[in-house]
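Visitor: need a 3D model of the sequence below.
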Amino acid sequence: MKFTNSVAVTLATAGSLAAAHGHGHAHFHKRATETETVAVPGPTVYDFVVMDPSATGSPEEISLSEACAGLADHKLEWLDAPIPAACPTSSSSSSSTSSSSSSSTSTVTPTPTVAAQVLLETSAAIISSSSSSSSSTSTVESITSSSSSSTYSAAATSSSSSSSSTSAGLTAEFPDGELDCSTFPSDYGAVALDYLGIDGWSGIQYVTLVDELVSSIVTAVSGDSCTSGSMCSYACPPGYQKSQWPTTQGSTGQSVGGLECKGGKLYLTNTDYKQICIEGTGGVNIRNELSEQVAVCRTDYPGTESETVPLLAAAGASHPLTCPNGETYFKWEGKTTSAQYYVNNKGVSAEKGCQWGDGSEPIGNWAPMNFGVGYSAGSTWLSMFKNEPTTDADLDFKVKLIGDDLSDSCRYDGAGNFYNNAGKITSGNGCTASSSSGNAYFVFYD
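Guide: Okay, the predicted model is just below:
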């Protein structure tokens with residue numbers, strides 16, 4: 001059974017990003033990117049910053065050789081998940097150098113992707129056991145990035161299996177009009193969501209056009225397929241988001257997104273991008289200090305607007321949270337948009353938590369909390385708030401924002417209460433902070 005998509009998620013929170021920036025549409029979930037589309041990708045270049053775990057001094061930039069030597073001698077440790085490729089062997093380093101040298105004389109110069117990595121002195125291992133203390137984590141999360149880190153490669157720090165399995169295709173140009181609609185484009189960076197039962201797609205919309213506007217949208221359910229006349233949306237690895245949506249949108253404010261299936265072939269709908277997954281602005285992360293996983297689900301926007309794009313925050317790990325640039329990403333009726341995430345209780349799987357729920361338990365669109373993330377007016381805006389009025393359930397763990405230069409504190413106590421610099425918030429159902437640097441963590445803890 002198919003149904004007409006008229007779902008509108010109302011975000012009536014005084015502190016939400018949508019309210020703060022006058023985004024009146026009933027969605028809080030969108031994204032844009034600062035990265036440039038390049039035909040020939042260059043190598044990944046790693047920028048290292050080392051931090052003293054005692055936090056008595058400022059972060060210090062170090063060279064690749066110093067970082068790799070320190071890691072090899074166990075004098076330094078990764079702040080987040082290890083990135084083995086950051087320190088090549090002597091043979092790979094040599095080949096890498098010659099490749100870089102030859103490319104510099106080529107007629108097409110590859111553009112390198114810069115991944116900012118933070119290292120700690122060996123004693124930093126002590127921090128992980130005491131990280132529930134705000135005094136210790138605040139110093140650990142204070143990250144200084146170099147001028148080149150605006151092209152921060154979020155996928156480089158992701159430890160998700162989906163990211164590692166698809167990252168080789170993220171820079172590949174999509175073969176417009178060549179792939180059959182029955183072929184899911186995993187070779188081009190998209191992450192298949194088999195648990196939804198729609199051939200890996202994050203959502204499928206069967207659309208009807210009248211006078212160059214989408215007059216009706218029928219949303220696929222489990223068992224349906226990407227067929228001619230449909231818009232087929234897809235998920236990307238953490239730190240990335242889809243680049244495809246058509247200029248033609250819904251006549252009554254519905255959103256439409258993804259690749260178009262016509263004549264049995266898949267076509268780009270936004271030819272400004274040749275890659276179907278593009279980076280967010282970088283700098284925003286989730287750090288899960290719990291002993292259990294947490295499913296954080298982004299809405300498929302523009303598209304079905306269901307919370308089907310998963311980020312499984314593993315226990316004890318950090319993951320990039322995609323932050324859209326509202327000035328260059330999808331705009332709804334000319335207005336900038338942001339990204340909305342649904343945060344499930346600890347222990348819920350992505351397969352269970354990142355799809356439409358029925359209200360029988362607090363999962364999916366009934367999850368207890370929402371995050372809002374976006375970039376506009378020169379700042380990154382970060383919100384957390386209860387998923388009201390959909391549910392009155394409380395998230396069963398604590399959350400706090402930590403970053404370089406947050407405009408305000410923002411913390412949830414695990415019992416339904418939010419706090420900022422002024423103390424407990426008594427009006428509204430959440431809190432918001434901004435950061436001019438864009439470097440921030442949502443920290444999960446008991």
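
Visitor: any weak-confidence spans in the stretch 151-300 of the chain?
Guide: 151-168, 211 (pLDDT under 70).

Visitor: which stretches of it form helices?
Guide: Per DSSP state H, counting those that start in this stretch, the stretch 151-300 of the chain carries helices over the ranges 161-166.

Visitor: now do the strands in it.
Guide: For the stretch 151-300 of the chain, applying DSSP state E, counting those that start in this stretch gives strands covering 203-210, 213-219, 230-233, 240-242, 259-262, 265-267, 277-279, 284-288, 294-298.

Visitor: for the fifth one, buried residues please.
Guide: Counting neighbours by 16 or more other CB atoms under 10 Å, one finds that the buried residues in strand 259-262 are 259-261. Backbone N, C-alpha and C define where each C-beta goes, glycine included.

Visitor: that strand pairs with which strands?
Guide: strand 230-233 (antiparallel), strand 265-267 (antiparallel) (DSSP bridges).

Visitor: domains of the protein?
Guide: Domain segmentation of the chain under automatic domain parsing yields 10-35+278-445, 41-166.

Visitor: where among those domains is average confidence lowest?
Guide: Looking at the domains of the chain, the lowest mean pLDDT belongs to domain 41-166 (a mean of 44).

Visitor: coming back round to it: among the strands paired with strand 259-262, which is nearest T390?
Guide: T390 sits nearest to strand 230-233 of all the strands paired with strand 259-262, at 22.3 Å, using CB to CB.

Visitor: list of residues touching that closest one?
Guide: With CB atoms under 8 Å, 6 or more residues apart in numbering as the test, strand 230-233 has contacts from 181, 201-207, 220, 226, 242, 246, 256-261, 266, 269, 300, 303-304.

Visitor: go with 6 Å
Guide: If you take CB atoms under 6 Å, 6 or more residues apart in numbering as the criterion, strand 230-233 is touched by 201-207, 226, 256-261, 300, 303.

Visitor: and of those residues, the nearest to S409?
Guide: Of the contacts of strand 230-233, the one sitting nearest to S409 (CB to CB) turns out to be D300, at 31.4 Å.

Visitor: give the contact list for that closest one.
Guide: 202-203, 233, 306, 308-309.

Visitor: can we see that at 8 Å?
Guide: Contacts of D300 by CB under 8 Å, 6+ apart are 202-203, 233, 235, 257, 306-309.

Visitor: can you name the two of those residues that are farthest apart?
Guide: Counting by CB to CB, the most remote pair of the contacts of D300 is G257 and E307, 14.4 Å apart.

Visitor: tell me which of those two has more neighbours.
Guide: E307 (32 against 26; other CB atoms under 10 Å).

Visitor: ok, that one touching R298?
Guide: Yes: counting by CB atoms under 8 Å, R298 is a contact partner of E307 at 6.8 Å.

Visitor: now do the shared contacts for those two.
Guide: Joint contacts of E307 and R298 (CB under 8 Å, 6+ apart) are 340-342.

Visitor: and those, which is closest to G283?
Guide: Out of the shared contacts of E307 and R298, the member with the shortest distance to G283 (by CB to CB) is Y341, at 15.8 Å.

Visitor: wait, isn't L179 in contact with L266?
Guide: Yes: counting by CB under 8 Å, L179 touches L266, with 4.7 Å between them.

Visitor: where do the contact lists of the two overlap?
Guide: P185.

Visitor: neighbour-wise, which of those two wins?
Guide: Neighbour count, other CB under 10 Å: between L179 and L266, L266 has more, with 26 against 19.

Visitor: list the contacts for that one?
Guide: L266 neighbours (CB under 8 Å, 6+ apart): 177-181, 183, 185, 226, 232, 259-260.

Visitor: closest one to G282 out of the residues you listed, please.
Guide: P185 (23.6 Å).

Visitor: still on that earlier bit, which ones among the shared contacts of E307 and R298 lie within strands?
Guide: Mapping those onto strands (DSSP state E) picks out 340-342.

Visitor: using CSV, lay out these together with distance to G414 and neighbour count.
Guide: Converted to CSV, those look like this (distance: CB to CB, whole Å; neighbours: other CB atoms under 10 Å):
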residue, distance to G414, neighbour count
Q340, 21, 27
Y341, 18, 24
Y342, 17, 28
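
Visitor: list just the nearest of the residues you listed to V191.
Guide: Nearest to V191, judged by CB to CB, of those is Y341 at 16.0 Å.

Visitor: spatially nearest residue to that closest one, not counting backbone neighbours?
Guide: Nearest non-adjacent residue to Y341, counting by CB to CB, 6 or more residues apart in numbering: F371, 4.1 Å away.

Visitor: can you get me a residue count around the one you found?
Guide: Neighbours of F371 (other CB under 10 Å): 25.

Visitor: same question for T208.
Guide: Neighbours of T208 using other CB under 10 Å come to 11.

Visitor: state the number of residues packed around the nearest residue to it once chain neighbours are set aside.
Guide: The shortest distance from T208 to any non-neighbouring residue, by CB to CB, 6+ apart, is to S216 (4.5 Å). Neighbour count of S216, defined by other CB under 10 Å: 17.

Visitor: quick one: S216 and Q205 touch, right?
Guide: No: contact criterion CB under 8 Å: S216 and Q205 do not qualify, at 9.9 Å.

Visitor: which neighbours do the two have in common?
Guide: With CB under 8 Å, 6+ apart, S216 and Q205 have no common neighbours.

Visitor: about what we covered before: most neighbours of all the contacts of D300, which one?
Guide: E307 (32 neighbours).

Visitor: phi, psi for that residue please.
Guide: phi -80, psi 70 (degrees, to the nearest 10).

Visitor: please report how far it lies from V207.
Guide: For E307, the distance to V207 equals 21 Å [CB to CB, to the nearest Å].

Visitor: which SS state does S65 fall under?
Guide: helix (DSSP: H, G, I helix; E, B strand; the rest coil).
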